[in-house]
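Asks: Need coordinates for the below:
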Amino acid sequence: MSDVLDQIRSRRRAARWPGAAIALAATILVAACGGSATGATGTATTSNAPAASAASGVSAAPASVEPTQSPTPAPTVDKGPASATFSIVGTLGLTGQFKASSVSCNYPTPGGPEIVTFGQVGTNGPFVQVFVQRGSALVRADTGSGTTFKMRTFTGPGITTFDAATGAQIQTKLTENTSSDLSTTGIGVISSLTAKIDCGDQQPGTSTITVTGMTPQGPITGPLTSPKVTCNIVTSGTAAGTYVDIAALAQIGSTTVSVNITTGAHQVTFFETSGLGQAFFSDYKSSAATVSATGVHVSGDISQQSAASPPPSPAFAVHVEGDATCGTTVHS
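Replies: Numbers count the residues shown, from 1 in each chain. Sure thing, here's the model as predicted:
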């Protein structure tokens, strides 16, 4: 899942997308309204009207009936966009408070939903990603890209509250678990993390997208599950346009894998990763996706992109088909 976020983070950093996602739907609180009864005064009164009797043939007038009133719903509560604030203690500039530029709640992973956040320490400091799940947090600090990419990773158990859909609070010591094949030159050590994450009005969105075909890890079939759909509307720069990101789960044989689909006016990319490995597919034909401000329709075959030379033969390809509606919209 972390590799998937590398793809998203790199593109967001290039496009200078803001992070706090503005949710499209708020929780509606309905207040039940009932009629109030007037209490008796306890004072007896005498009526001067003649009593009705069967002999007179006059019937008593029926009591008046108050019209039934429908309950009036309370005003919609707007929780606002998702947000996260962090305080870290470490070395080489990895100390201080900062706000996340990106918060993604209910992010689907094979191990259960997570909250994924991303921000930068200061103006030129390292980027920090925090992946929160029930009971633990994974923290990554990194700089550079491509051949200059450097990263350290840390974990901690101090999750005081956690709900993938609403937020989390963290207060934990961190232990480094950086892979030995990663370059760490120039990146300090983070020793502790305190954080508060609020998912605001963020919603998951919906998807009917299916992915079928052959990947290097085996055949992938069926609809995507647990989708998280986000619209990214970029209004300036060379990356201006609308992009729809779909994070979800899929099946390769009996193994559940994480997938990420990014669509734009002229692109569809598909990235899948799991313990089986990972693969990246892309198609830059404008006919593959029809993007709007609220979602996307995808229909096309996309081929695997490989850095191997010569490329694998036969080339792997998958067919992506269906619709997705955004639950959150991010503007920049």
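
Asks: What number of residues are in the vicinity of F149?
Replies: 13 (other C-beta atoms under 10 Å). For every residue, glycine as well, the C-beta is placed using N, CA and C.

Asks: Roughly how far does it sit from V139?
Replies: Distance, F149 to V139, using C-beta to C-beta, to the nearest Å: 17 Å.

Asks: count of residues packed around F280?
Replies: Neighbours around F280, by other C-beta under 10 Å: 17.

Asks: Buried residues, the helix or strand hosting it. List them.
Replies: Assigned by DSSP states H and E, F280 belongs to strand 277-283. Within strand 277-283, the residues that count as buried by 16 or more other C-beta atoms under 10 Å are Q278, A279, F280, F281, D283.

Asks: Could you list the low-confidence segments of the stretch 51-200 of the chain?
Replies: 51-79 (pLDDT under 70).

Asks: how's this structure carved up into domains?
Replies: Domain assignment of the chain by automatic domain parsing yields the ranges 82-198, 206-331.

Asks: List of residues touching the strand holding F280?
Replies: Residues from elsewhere that reach strand 277-283 (C-beta atoms under 8 Å, 6 or more residues apart in numbering): 3, 7, 215-217, 267-273, 300-306, 316-318.

Asks: Is it possible to mark the buried ones in those?
Replies: For the contacts of strand 277-283, buried by 16+ other C-beta under 10 Å: 7, 215, 217, 267-273, 301-302, 304-305, 316, 318.

Asks: farthest pair in those residues?
Replies: Q217 and Q267 (23.2 Å; C-beta to C-beta).

Asks: and G213, what are its bridge partners?
Replies: Beta-bridge pairing of G213 under DSSP bridges involves I220, V318.

Asks: again with G322
Replies: The partner residues for G322, given DSSP bridges, come to V298.

Asks: what residues are up against it?
Replies: S207, T208, I209, T210, P223, H297, V298, S299.

Asks: count of residues packed around the third one?
Replies: This means I209. For I209, using other C-beta under 10 Å, the count is 24.

Asks: Can you tell me the closest non-neighbouring residue to V320?
Replies: V298 (5.0 Å; C-beta to C-beta, 6 or more residues apart in numbering).

Asks: Look at that neighbour and report its pLDDT.
Replies: Confidence at V298, expressed as pLDDT, is 92.

Asks: That one contacts H319, doesn't it?
Replies: No: in this structure, V298 is not within contact of H319 by C-beta atoms under 8 Å, at 9.8 Å.

Asks: Filter the contacts of G322 down to the buried ones and hand me the PyMOL line.
Replies: Per 16+ other C-beta under 10 Å, the buried members of these correspond to this PyMOL selection:
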select buried, resi 207+209+210+223+297+298
